[in-house]
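**Student:** When you get a sec, could you give me coordinates for this:
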Amino acid sequence: MKFERDAGRRLRTLPSHGGRRKGPVHAPLLPPVRRLARRTIGFSVVAVVAVVLLAAMLAASGLLAGPAQRMAGETLQRMVPEGFALTLGNTDVRLSWPPSVAVTFDDVSLAPGPQADPVATVGRLSVQIDPVGLVRDNPRVAGIAVKGVHIDRAAMAAFNAGGDEAPGVPFALSEVPERFDALFAAMRRWGAIHLHQEGGLRLNIADSTLVLGEGGMVSTLSVERLTGRADARGNAVFEGEIAFDGSISAVSGELNVPRADQPSEPAQLLVTVDAMPFPWRRLPTLFSEVAADHEPGAERPPVPTETVLELVHTPRDSAANVLRATLAPQDLTLKLGADDFVPLGGRIVADYGFEDRVLSVEPRQWSLGRSTFELSVRMRDAVDAAPAPGAAFAPLEFDAIANRGRLSPADSPEQSLRFAARARGIVDPAERLVRFTDMQMQSDAGGASAEGQMSFYAAAPSAVFKMDIEDMSVAGLKQFWPAPVARGARRWVLDNLAGGRVVSGRFDIVEPLRRRLPGTNQRVLGDTEIALEVEGVRFDIAGDLPPVRDAVGRIEHSDQTTRMLLRSGTVFLPSGRTAEASDGVMVIQPEDENGLVGADVSVRVRGTAAALGEIIAYRPINAMQYRAYDPDDLSGNVDAQIAIGLFLNGGEDGPRPDWTVDMDLSDAAIAEPVDGSLLTGLNGAVSVTPARAELDLTGAIDGLPAEIAMTIPFASDVEAARSITLRLDDASRETFAPGLDVLLRGPTPLEMEGTGAAFDVSADLTSAELLLPWIGWSKGAGVGARANFHLLLDGETAVLDAFSLTGGPFGAEGRIAVDGKGLSQARFGSLRLNEGDSVSVDVRREGAGYAVDVEGQAVDARALIRHVRRQMQQSGEGGGTPVTVSASLGTVRGFRGVEMRDVRTELSIRDGGVENLSITGTSDTGMPFSVAIRGQGAGRRVRIEALDAGGFLRFLDLYGQIRGGVLNASLAGAPGGQLSGPVQMTGFSVFDEPKLSQLVSTRGDGTASLSEAVRRDIDTREVVFDVAQANAVFAPGGLSIGQGIVRGPMVGFALQGQVYDRDGEMRMTGTFMPAYGVNSLFSEIPILGLFLGNGRERGLIGVTFKLEGSFERPQITVNPLSVIAPGLFRSIFEFR
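**Tutor:** Numbering: from 1, shown residues only. So this is what the prediction gives:
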């Protein structure tokens, strides 16, 4: 086989070499060949050593320093971008290893012009030149070593923009192909020189920094160590360590640049960074509610991210260009609270399309906690959004789609939810703003639409969104609700709302992404507002209280406060009872300085008393701890308002909840006695708190109508109080305090305050009759009066202690005791029945009756007089309570202003009538009187003596026109309650008696008056009588007299007939005899006087008359013919 001369190729140029130093095939050499090889190697080593020694001598002699320095400078100048000036400092030339001549420059700087400030400086730059090529006058750069590079990106950008003051042209995605081409054009030029040179190129970079500026995702990029090596075929590999803001990552990569004579071949760059910090270091704590996480100097550990950057440039086929970046965060966790972390996992594969100039994030599966979704994004230059002046980047439109998603928040009790979402908007890097112009979400639970923006200004980053919900299940709401938004409201909805649907809803989200202003302690709060209309939901009120089901209401959130409004719902209880709930409000307050979240609950609950009793038995009310009861014992209806204040995250050791239950009762009752009494028919208000129960009720206590106002203490600092107003009538009062009917009749409201068996009682007696039957006194209905006393109950005994009666002129102070038999004792140390009274009364039960002792300085006896007169008219056969009265009084006021002194009275009433009465005393003129009554009925005897008859009669209101005289009466009982007997009064005068004046002056029908009949004026202003006597008959309701004679010096009368009857009618006849002293002498003549005087007590001259009609104004009839008929013949003309 024969080859052409130029057919031979070196093995290392063949594909099978693969860049190895040795060939792909190893063949053992024959012994002669091995000897030749050893000799050749030995010669080569000697030659190399000789060359090195020669280069060292030349370098030491300075012969190579000049060429090496010129070559190094020229090499560096070729690397300088157009328009920049490179300044080289001190130069040092020496021999280095691997064998080369190293030209080292100190204090190298790169500036955008000879007079401009540098944009990059290099502490030390070394260019290594191949000594063999240098000797052959064919120098080659074998390596470059750089240390202490400092590049200021801001200054570089200012130069590219045309100066510090001139605005630059913002970068747009559409410019990527041009810049991509420019980048690879520079790489091709540089690579054609250095990556294809014989022997390759070494690169070493150490301790270098690129300052990117504050406010970006990375402020400084440092090269700790980077070594690269290029072969002579355009391939280069590099590896080392770089630091992103101090976080060190391993970096490696490959670069392939074709030769200059291969312009259509692709150039490639592949960079891999292990554990590169995630570009957005704030992301893990962006939604944290912990304020310290948002401080400017807050420590934020980096999130390691596996990053791969792949660039492929094909000059003549842009569609084949590749610009792809892959980011795979490791252990990325979003912090929501101090102990609330949500892992976020996924991979970003971003690929730039050179044909449509769109940046696409390829669909990849992501996980957020338990939720998963497939995310893809497309971005292009924004058409309708102009960049801000001086912006570095142009706005971008984006279209993000999440498919095949399942929402399942870790803290949600609901099943996972399938969903899909799409968001479109604009990213404006210059404004640090992401605007979401259209967001649509669909799921098995319903859909939502939204729009908003996220601003990432360093001072006050924020998120502002508006989201509308239509017909979404509550389960779906729980899954969709973003965890950082209205945390308190979301937490409550997750824990306390179930079932039903959100008919319509609105989220107006305004949340800061930094919770504290930089450099201050001022906390930044969100201003999110939420309004959700829900129906058919289950609504947990608080604690262990049974939930409200089938609820219709509204959820609101504003001013950091969450409100739940309940319009209607039903409470289903374990017992099977139900209650209606409505008008409910729950307010969740912002977290306080101690981290506690307070809530205030108010709800109206209506139902049976048994249902309400069961509801309030649950925590946090737990009413049974204050008073044990059985809900089955409660009846009636209740309309209650339940208010609870508690801390949602207080726990068992937190502050105790505060609550109030205000109930309106309707016909309620308790089957079991309360403090020994049965409560029925209750209507009114009951308010219960952990400290007390307040009752304001009307109803019945043991069947008695009552108004109840009570304070029942549950806390030691609350005093018990009880005010009960009993609306008593006669029947109910007899049940409450039997025997009081002796003293009281009619409706009587009693106001009672106290506890146990002791009450302070105030009784309004205005509508009642107040009675003291033993002395005949009473207060009629309608006369204002009030009694106050301290009531002590002991079994059947009731004591009215400190009794005080007030009302107009009357009053009393004392003590009353009643027992099962009625009134047992009444002692009044001060009793005033009328103005000026000053007496004491002691009433005590003796046997079947009462004994009454009365003592005092003065008393008005008019009521007693009327009472005795009524009792005198009783038959004594009507039963009744026996009463004995013993009185000793200094002054007794009677009728017509008459007073009696030193009055001693003994009265005994039995069988409803007076049995015995003894009264002694003296009149105000000093004249004694006495009244004695013994016996009853037909056996009664009455004896009356009074030495001042006129005063006595006025005192008793029997007759008021008499002055003086001596009265004697002796009466005996008769069947029918009558009293009859002689009554005599002597030595008295009659003053201004209108009936007497009427008698002598009134004319009858067509007849003359008495005065005219006797032809003289009769003065009736004062008529003196020597004696008046008659046989009197007192019958119940009437008085009649017979054989009545009234005689005096001037006139005389003979009277008989009915003085008055039950109807107040009078019918009397008589004879009027003028000048009785002379006229009566004819009756004294024996035998003849019988005819002339018509009897012993009659005169010669007399006029007969008749009185009939009303007792007050009787009609008088006079017979004038009788005046001329003397004596016996006059009787012919008398009236019958």
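**Student:** separation between the spatially closest residue to residue 498 that is not a sequence neighbour and residue 493?
**Tutor:** Excluding the flanking residues, the one nearest residue 498 by C-beta to C-beta, 6 or more residues apart in numbering is residue 538, at 4.5 Å. All C-beta atoms are positioned from the backbone trio N, CA, C, and that covers glycine. With distances taken as C-beta to C-beta, to the nearest Å, residue 538 is found 12 Å from residue 493.
**Student:** Please report how far the residue nearest to residue 498 lies from residue 1105.
**Tutor:** In this view, residue 538 and residue 1105 are 104 Å apart by C-beta to C-beta.
**Student:** Over to residue 548?
**Tutor:** For residue 548, the distance to residue 1105 - C-beta to C-beta - is 97 Å.
**Student:** Next: residue 750.
**Tutor:** With distances taken as C-beta to C-beta, residue 750 is found 61 Å from residue 1105.
**Student:** Compare those two (neighbour count), which wins?
**Tutor:** Neighbours per residue (other C-beta atoms under 10 Å) separate residue 750 from residue 1105, with residue 1105 holding more: 26 against 23.
**Student:** so that one bridges to which residues?
**Tutor:** Beta-bridge pairing for residue 1105 (DSSP bridges): residue 1070, residue 1118.
**Student:** so what's it up against?
**Tutor:** 999, 1010, 1069, 1070, 1071, 1072, 1116, 1117, 1118, 1119, 1135 (C-beta atoms under 8 Å, 6 or more residues apart in numbering).
**Student:** for the host helix or strand of the first one, which positions count as buried?
**Tutor:** Using DSSP states H and E, residue 999 sits in helix 994-1001. Residues of helix 994-1001 classed as buried under the neighbour-count rule (16 or more other C-beta atoms under 10 Å) are 995, 996, 998, 999, 1000.
**Student:** what's the closest of the contacts of residue 1105 to residue 631?
**Tutor:** Ranked by distance to residue 631 (C-beta to C-beta), the contacts of residue 1105 are led by residue 1116 at 84.9 Å.
**Student:** wait, that closest one sits on residue 996?
**Tutor:** No: using C-beta atoms under 8 Å, residue 1116 is not in contact with residue 996; the gap is 10.7 Å.
**Student:** quick one: the strands in the stretch 251-400 of the chain?
**Tutor:** Along the stretch 251-400 of the chain, the stretches classed as strands by DSSP state E, counting those that start in this stretch are 267-277, 304-313, 322-329, 332-337, 340-345, 348-353, 358-368, 371-381, 396-407.
**Student:** I'd guessed residue 538 sits against residue 475; true?
**Tutor:** No: Residue 538 is beyond contact range of residue 475, at 11.5 Å (criterion: C-beta under 8 Å).
**Student:** So if I had to pick from the two, which one is more boxed in?
**Tutor:** residue 475 (22 against 17).
**Student:** related to what we said a few turns ago, residues in contact with both of residue 538 and residue 475, list them for me.
**Tutor:** Taking C-beta under 8 Å, 6+ apart as the contact rule, the neighbours common to residue 538 and residue 475 are 498, 499.
**Student:** so what's the residue nearest to residue 498 up against?
**Tutor:** 497, 498, 499, 500, 547, 548, 549, 551 are the contacts of residue 538 under C-beta under 8 Å, 6+ apart.
**Student:** Out of those, which is nearest to residue 628?
**Tutor:** The nearest member of the contacts of residue 538 to residue 628, counting by C-beta to C-beta, is residue 547 at 25.5 Å.
**Student:** So residue 434 sits against residue 454, correct?
**Tutor:** Yes: counting by C-beta under 8 Å, residue 434 touches residue 454, with 4.6 Å between them.
**Student:** Residues touching stretch 544-556, excluding its own?
**Tutor:** The contact list for stretch 544-556 (C-beta under 8 Å, 6+ apart) reads 489, 493, 496-497, 499-500, 529-541, 562-574, 581, 584, 603, 615, 618-621.
**Student:** Can I have the buried ones of those residues as a ChimeraX selection?
**Tutor:** With 16+ other C-beta under 10 Å as the criterion, this ChimeraX line picks the buried residues out of the contacts of stretch 544-556:
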select :489,493,496,497,499,500,529,530,531,532,533,534,535,537,538,539,540,541,562,563,564,565,566,568,569,571,572,573,581,584,603,615,618,620,621
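**Student:** OK, contacts around residue 404?
**Tutor:** Taking C-beta under 8 Å, 6+ apart, we find residue 404 in contact with 372, 373, 374, 420.
**Student:** Find the helix or strand that residue 983 is a member of.
**Tutor:** Using DSSP H and E, residue 983 maps to strand 978-991.
**Student:** Walk me through which strands that strand pairs with, and which way each runs.
**Tutor:** According to DSSP bridges, strand 978-991 has these partners: strand 962-974 (antiparallel), strand 1022-1035 (antiparallel).
**Student:** ok, the helix or strand following the longest one: who's next to it in the sheet?
**Tutor:** In this case it means strand 1022-1035. Next along the chain after strand 1022-1035, taking DSSP H and E as the criterion, comes strand 1038-1047. For strand 1038-1047, sheet partners with direction are given as strand 1022-1035 (antiparallel), strand 1051-1060 (antiparallel), following DSSP bridges.
**Student:** Nearest to residue 732, out of the ones you listed?
**Tutor:** Going by C-beta to C-beta, the one of the strands paired with strand 1038-1047 nearest residue 732 is strand 1022-1035, 40.7 Å.
**Student:** ok, and for the closest one, which residues are buried?
**Tutor:** 1023, 1025, 1027, 1028, 1029, 1030, 1032, 1033, 1034, 1035.
**Student:** so, if you compare the residues you listed, which one comes nearest to residue 842?
**Tutor:** The shortest approach to residue 842 among these belongs to residue 1034, at 32.8 Å (C-beta to C-beta).
**Student:** Quick check: chain neighbours aside, which residue is closest to that closest one?
**Tutor:** residue 979 (4.2 Å).
**Student:** What count of nearby residues applies to the one you found?
**Tutor:** When neighbours are counted by other C-beta under 10 Å, residue 979 comes out with 21.
**Student:** mind checking how far it is from residue 569?
**Tutor:** Here the criterion is C-beta to C-beta. By it, residue 979 lies 84 Å from residue 569.
**Student:** Direction included, what does the host helix or strand of residue 698 pair up with?
**Tutor:** Using DSSP H and E, residue 698 falls within strand 692-701. Paired strands of strand 692-701, with direction, are strand 679-688 (antiparallel), strand 704-713 (antiparallel) (DSSP bridges).
**Student:** Of all these, which one comes closest to residue 461?
**Tutor:** Nearest of those (C-beta to C-beta): strand 679-688, 49.6 Å.
**Student:** Mind listing residues that contact the closest one?
**Tutor:** Strand 679-688 is contacted by residues 616, 623, 626, 636, 660-670, 693-701, 703, 708 when judged by C-beta under 8 Å, 6+ apart.
**Student:** at 6 Å instead, please
**Tutor:** With contact meaning C-beta atoms under 6 Å, 6 or more residues apart in numbering, strand 679-688 is reached by 661-666, 668-670, 694-700.
**Student:** can you pull out the strands in the stretch 501-650 of the chain?
**Tutor:** Using DSSP E, counting those that start in this stretch, strands in the stretch 501-650 of the chain cover 501-512, 529-539, 548-558, 561-572, 578-591, 597-608, 634-647.
**Student:** Columns distance to residue 443 and mean pLDDT on top of those, output as CSV?
**Tutor:** CSV is the format used below for these (distance: least, C-beta to C-beta, whole Å; pLDDT from 0 to 100):
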stretch, distance to residue 443, mean pLDDT
strand 501-512, 12, 92
strand 529-539, 16, 94
strand 548-558, 19, 94
strand 561-572, 24, 93
strand 578-591, 27, 91
strand 597-608, 29, 93
strand 634-647, 34, 94
